[in-house]
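**Student:** Requesting a structural model of the entry that follows:
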Amino acid sequence: MMAPATVVKEMCLTRADFLRLLPGAAGALPVSVDGDRERPAAGLEITLTPLPDRRIALLRLPVLRVAITVHGLDEPARRAALERFDTAFRRGGG
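**Tutor:** Now for the predicted structure:
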């Protein structure tokens, strides 16, 4: 097993939207979010920090700082967990 590793992202969505999409991002891994003091032995620990809205003219976008710490996984499993997370939150546009 490797030491825990943390990845930090800025994401344009609300906390409610983040929590709604989280089950698809975590897959079968246990997750603790924010005030939950319990760290999973093998899983994701996620800290959400609201940041100031991004503004483009009259458009306001909510922004979260998302710190994801991966515990108890080897490198291939860690990469797979972070790739699953990114895929679940990816948005299309056009």
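**Student:** least trustworthy helix or strand in the chain by mean pLDDT?
**Tutor:** Of all the helices and strands that make up the chain, strand 31-33 has the lowest average by mean pLDDT, DSSP states H and E, namely a mean of 85.
**Student:** Which neighbouring elements make contact with it?
**Tutor:** helix 15-26, strand 43-56 (3 or more Cβ pairs under 8 Å, 6 or more residues apart in numbering; DSSP states H and E). All C-beta atoms are positioned from the backbone trio N, CA, C, and that covers glycine.
**Student:** just for this protein, where's the confidence low?
**Tutor:** For the chain, the stretches with pLDDT under 70 are 1, 35-38, 92-94.
**Student:** picking that back up, for the least confident helix or strand of the chain, which strands pair with it and how are they oriented?
**Tutor:** Using DSSP bridges, strand 31-33 pairs in its sheet with strand 43-56 (parallel).
**Student:** top helix in the protein by residue count?
**Tutor:** If you go by DSSP state H, the chain has its longest helix at helix 75-89.
**Student:** So what touches it?
**Tutor:** Here helix 75-89 makes contact (Cβ atoms under 8 Å, 6 or more residues apart in numbering) with 2, 5, 7, 11, 13, 21-22, 24-27, 29, 44, 68, 70, 73.
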